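*Asks:* how would this look folded up:
(chains A and B)
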Amino acid sequence: MERYLLAGSTFCYLLGFAYSLVLLGAGKFRPGRFNLYAIAGGFVLQTAFLYLRGHVVGRCPITNTFEILVFLSWSVAMAYLVVGTTYRISLLGVFTAPLVFGLQLAALLLPSAPAAARRGPPDGWLELHASTSLVAYGVLALACVAGVMFLVQEKQLKMRVPGSIFHLLPPITTLAVAMRRLLWFGVILLSVGIVAGFFIGTPIGRVKSGASILVWLVYAGVLFLWTRNVLHSHRVAQYCVGAFALALVTLPAMYALGGMLAK
Amino acid sequence: MNIFCVGINHRTAGVSLRERFAVEEGSLSCLLTELRREAAMGEAVVLSTCNRVEIYGLSGDADAAARVCADVLQRSAGTEAEFYRREQAEGARHLFRVVCGLDSMVVGETEILGQVKEAYAAALESGATGAALNRLFQQAFRVAKQVRTETGITRGAVSVGSVAVELAEKIFGDLADCRVLLLGAGKAGARVARSLQSRGVRRLVLSNRTFERAAELARELEGMALHFDQWQSALPDVDIVISSTAARGRLLSAAELSPVMTARVDRPLFLVDLAVPRDFDPALNGLDGVFLHDMDSLQAMAQRSVEARGREVERCEELIDAQVEEFLSWARQRPESTKVTVTSVS
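*Replies:* Numbers count the residues shown, from 1 in each chain, chains lettered A, B, ... in the order given. Here you go, the predicted model:
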């Protein structure tokens, strides 16, 4: 049953992505609700999967890589549906769909996705730490998407004759507002995750916590400088993209290194 | 019963002739009654816009009815004109092309849809429509919607003013809170300012070397006049600057604008340079948050939109063909007593 739910949600995301891609390729793309419905459908099925999985493992279902990837994909979809209200029917859905589809496909293609198994009594702080951190990365992934869209639209506006994508992308001020919202949301969640990490029964290694704090510092710094009007939206968009790339590369490496050092 | 359309438009008659045939809103009802009585028409709709005057009707003898319609219009205008006539399936196709903006002066314009809706509503209110024209017009509105959503016929701005508005909206989103500074009292600048006002801009500041001219235009555009030696002091507070002065040199350089942009704190500035020679240094476009477009780039964008719309016409025609076919199929299925004869002309 769980697998069917997951396959169904992956199919929804694929459908949203493929539909937009085909229309974009044919130059016929118009902002519409198809992406919204596809992602919402995928999200509902994914939520059902995580609920069932959580019921079996008796805690937040982020106990292995397979579950973490699904949870991360769910977080991105949730951020899109919750935070992207301003422009959810625009091209953002086209950018979000491949991201959530890719994450979920990676989960499904794992050599042996472990079966759900009940673990010992859950550590509430650990669950809070892990789940909020993952949702935060989902939100920051979307901030990265908004940053890419901002940079593309800004470039279009600076061109003498903008390309056809210019008509499809939202105004840069809307994208700047979206980036700001997502950054705030992401940094708050990341802060909660880091603080919760200090209360976990089994202490987190220094390398792991150092990596998390480094990522937090980068994002919080960007947000602080932006609210102090030191950074221009153009730079913030670049940092949103760069910081997420840094998080994608650094965090797994640091966690792996932390694991080796622990041994 | 046959459906037909008779009329004149911007292709067949000049504006001086069209304005003679234009039907005032207040006299529409009387004209409909007169037409139906004299031309023995079961149903009728009169469409009168600045670019066309057309009568859509249903009659047992469409040929004779169309001639009477033309006579009535000529009598009312006090002059003669060359009328075109579309009958049966071609009449339906003509209406569908009209509502989709394919028959408009600017292909793809959307104002015509509202005008046709008003014309239909007036006829409906006067009791001049019946099953056939109701079905025809409702289907026309559906095809217009379909064409707008499934093709790019309405996409892109096709005049300098609308291109400037489109760019401004892609920078600021809602223009209601934007402040506009207009430099120079030329017609081109005023036209762009009016286009921006039509999209919500409320605050407009005008500056011209001759202050009286600025004040006069400010009254006309409901803006505020500013002495020309003070316009740079307004830069930190405005969002859009439209310039169309006759200055021989540059009015603004990157070195002058750079400190202003720092003071503006992450608020974009849109510069529209309509002057020849240009008023703004092209290097301004390189500054963060500054978007500069001149006459050439605005015209190139408008031209590209015109060409893009032209490429969409074929797809629109395909959709219209399918809708004409659907209308024909509906007409064929009508009971014998109320049968509408709408045969395909191919």
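
*Asks:* Please identify which helix or strand holds the closest residue to residue B:25 other than its chain neighbours.
*Replies:* The spatial neighbour of residue B:25 that comes closest, neighbours along the chain excluded (Cβ to Cβ, 6 or more residues apart in numbering or on different chains), is residue B:122 at 7.5 Å. No exception for glycine: its C-beta is placed from N, CA and C like everyone else's. Assigned by DSSP states H and E, residue B:122 belongs to helix B:111-125.

*Asks:* Which strands or helices does that helix pack on?
*Replies:* Other elements packing on helix B:111-125 under the criterion 3 or more Cβ pairs under 8 Å, 6 or more residues apart in numbering or on different chains; DSSP states H and E are helix B:28-38, strand B:43-48, helix B:89-99, helix B:131-150.

*Asks:* Report the angle between it and helix B:28-38.
*Replies:* Using axes from the mean of the first three to the mean of the last three Cα atoms, to 10 degrees, the inter-axis angle of helix B:111-125 relative to helix B:28-38 is 70 degrees.

*Asks:* quick one, phi/psi of the residue of the stretch 101-250 of chain B found nearest chain A?
*Replies:* Residue of the stretch 101-250 of chain B nearest chain A, by Cβ to the nearest Cβ: residue B:173 (4.0 Å). The phi and psi values for residue B:173, taken as degrees, to the nearest 10, are phi 80, psi -110.

*Asks:* returning to what we had before: can I get the helices and strands packed on helix B:111-125 in CSV including mean pLDDT and mean neighbour count?
*Replies:* What follows is the helices and strands packed on helix B:111-125, written out as CSV (pLDDT from 0 to 100; neighbours: other Cβ atoms under 10 Å in any protein chain shown):
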stretch, mean pLDDT, mean neighbour count
helix B:28-38, 89, 17
strand B:43-48, 94, 25
helix B:89-99, 95, 24
helix B:131-150, 94, 19
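
*Asks:* May I see these arranged in TSV, with distance to residue B:251 as well?
*Replies:* Converted to TSV, those look like this (distance: least, Cβ to Cβ, whole Å):
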stretch	distance to residue B:251
helix B:28-38	51
strand B:43-48	46
helix B:89-99	45
helix B:131-150	41
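
*Asks:* picking up where we left off before, can you show me the CA trace of the helix holding residue B:122 as PDB?
*Replies:* This file holds the C-alpha atoms of helix B:111-125, laid out as PDB (Å, rounded to 0.1, in the frame of the first residue of the first chain):
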ATOM      1  CA  GLU B 111     -11.300  45.000 -26.600                       C
ATOM      2  CA  ILE B 112     -13.500  43.800 -29.400                       C
ATOM      3  CA  LEU B 113     -14.700  40.800 -27.300                       C
ATOM      4  CA  GLY B 114     -16.200  43.200 -24.700                       C
ATOM      5  CA  GLN B 115     -17.800  45.300 -27.500                       C
ATOM      6  CA  VAL B 116     -19.400  42.200 -29.100                       C
ATOM      7  CA  LYS B 117     -20.700  41.200 -25.700                       C
ATOM      8  CA  GLU B 118     -22.200  44.600 -25.200                       C
ATOM      9  CA  ALA B 119     -23.800  44.500 -28.700                       C
ATOM     10  CA  TYR B 120     -25.200  41.100 -28.000                       C
ATOM     11  CA  ALA B 121     -26.500  42.100 -24.600                       C
ATOM     12  CA  ALA B 122     -28.300  45.100 -26.100                       C
ATOM     13  CA  ALA B 123     -30.000  42.900 -28.700                       C
ATOM     14  CA  LEU B 124     -30.900  40.400 -26.100                       C
ATOM     15  CA  GLU B 125     -32.500  43.100 -24.000                       C
END
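
*Asks:* in which helix or strand would I find residue 167?
*Replies:* Using chain A. Element membership for residue A:167, per DSSP H and E: helix A:165-168.

*Asks:* please go with chain B instead
*Replies:* Secondary-structure assignment from DSSP H and E places residue B:167 in helix B:160-172.

*Asks:* Report the mean per-residue pLDDT for stretch B:263-280.
*Replies:* For stretch B:263-280, mean pLDDT is 90.

*Asks:* so who does residue B:314 touch?
*Replies:* By Cβ atoms under 8 Å, 6 or more residues apart in numbering or on different chains, no residues touch residue B:314.

*Asks:* go on, residue B:263?
*Replies:* Going by Cβ under 8 Å, 6+ apart, residue B:263 touches residue B:236.
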